[in-house]
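**Student:** Dropping a prediction and its sequence here:
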Amino acid sequence: MCTCIYTYCVTHEEACLAELKEIDEHIYSIADCGLITVARKAPGEDFSEKNLPENIQNVVWLESKVREHHRIVNALAGRVTLLPFKFATVFYSEENVKAMLRRHELPMKERLQQLIGKQEWGLKVWGNYDEVTGYVDASNNEMKVLKEELMKSSPGKAFLLKKKKEDLLKSTVHSFFNEQAQECLHDLVPYSDKNTLQSGVTVGGGEIALKAAFLVAGNETEPFLHEVEKKRGTLKAAMINLECTGPWPPYNFADIVKN
């Protein structure tokens with residue numbers, strides 16, 4: 001049975017070498033040009049271009065493999081600066097891994113230097129769609145004017161006004177939520193080294209949401225989290241919630257190189 005090289009991350013800190021077996025007895029290192037890839041050998045049939053799409057449909061298989069991937073990366077992230085690879089980044093020989101390190105040596109080393117002492121924090125701004133809609137419907141002046149017009153209108157005109165109000169309310173909710181979320185993110189930017197929007201405003205499952213990630217230096221973590229708490233209190237009044245998770249390995253700031 002053929003095997004492949006499953007890769008977890010790249011680091012430039014040799015301190016991780018003595019700890020690999022402590023984290024997992026099956027992982028090992030592949031080094032070249034001052035960079036170290038943390039890897040393990042895996043059945044090639046699991047991650048081949050032919051079989052991987054089918055395997056990903058197997059929820060039990062996928063959950064097990066993804067959990068294992070994050071376990072290794074998270075354990076290492078607590079000890080060294082690293083560039084985490086996305087799930088299922090595989091190579092078919094150690095020489096291919098080394099070639100990748102040589103090909104991307106300079107940008108990888110530069111990014112690793114930029115990530116020293118920093119961690120990723122995830123932010124989700126969200127609300128129950130009906131609750132946010134109710135808040136906007138009750139507080140927006142334009143909505144109030146339309147309600148008054150509806151009460152005074154004839155049945156024919158009321159029908160048209162009601163449709164206009166429904167369309168306007170939908171767009172106003174989206175705009176209102178986006179404005180509140182963007183203001184929240186804007187106020188957190190000074191406490192981060194970098195930030196990125198993971199998704200714009202989305203609506204689904206009865207929820208309206210926006211997701212972002214922040215790269216925060218160790219000495220800014222406390223002020224960052226303090227500001228998050230302040231923003232959470234402000235948003236609550238508008239029926240909007242704020243969730244902050246982390247610290248995580250810097251998946252959104254690593255510029256991961258695919259094989």
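**Tutor:** Perfect, I can see it now. Here the structure is a predicted model, which means the values were calculated and not measured. Numbering: from 1, shown residues only.

**Student:** How much space separates the residue lying closest to residue 217 once chain neighbours are set aside from residue 205?
**Tutor:** Spatially, and ignoring its direct neighbours in sequence, residue 217 is nearest to residue 118 (5.1 Å; C-beta to C-beta, 6 or more residues apart in numbering). (Glycine included, C-beta is placed from N, CA and C.) Distance, residue 118 to residue 205, using C-beta to C-beta, to the nearest Å: 33 Å.

**Student:** These two: which has the busier surroundings?
**Tutor:** Remark: of residue 118 and residue 205, residue 118 carries more neighbours, 20 against 8, as counted by other C-beta atoms under 10 Å.

**Student:** Is that one in contact with residue 219, as I believe?
**Tutor:** No: between residue 118 and residue 219 there is no contact under C-beta atoms under 8 Å: 10.2 Å.

**Student:** For this structure, give me the ranges with low pLDDT.
**Tutor:** Scanning the chain for pLDDT under 70 picks out 1, 143-165, 256-259.

**Student:** domain parsing for it?
**Tutor:** The chain breaks down into these domains under automatic domain parsing: 3-116, 119-139+175-252.

**Student:** could you dump these to CSV with distance to residue 166?
**Tutor:** Converted to CSV, the domains of the chain look like this (distance: least, C-beta to C-beta, whole Å):
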stretch, distance to residue 166
domain 3-116, 38
domain 119-139+175-252, 10
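
**Student:** what about the helices in the stretch 101-250 of the chain?
**Tutor:** 105-115, 129-139, 141-152, 155-188, 221-236 (DSSP state H, counting those that start in this stretch).

**Student:** These: which one's closest to residue 251?
**Tutor:** Proximity to residue 251 (C-beta to C-beta) singles out helix 105-115 among the helices of the stretch 101-250 of the chain, at 11.3 Å.

**Student:** Using PDB, write out every CA atom in the closest one.
**Tutor:** C-alpha atoms of helix 105-115 as PDB (Å, rounded to 0.1, in the frame of the first residue of the first chain):
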ATOM      1  CA  GLU A 105      11.900  29.700   1.700                       C
ATOM      2  CA  LEU A 106      12.000  33.500   1.800                       C
ATOM      3  CA  PRO A 107       8.300  34.300   2.100                       C
ATOM      4  CA  MET A 108       7.900  31.600   4.700                       C
ATOM      5  CA  LYS A 109      10.700  32.900   6.900                       C
ATOM      6  CA  GLU A 110       9.500  36.400   6.500                       C
ATOM      7  CA  ARG A 111       6.000  35.500   7.600                       C
ATOM      8  CA  LEU A 112       7.200  33.400  10.500                       C
ATOM      9  CA  GLN A 113       9.100  36.500  11.800                       C
ATOM     10  CA  GLN A 114       5.900  38.500  11.500                       C
ATOM     11  CA  LEU A 115       4.000  35.900  13.500                       C
END
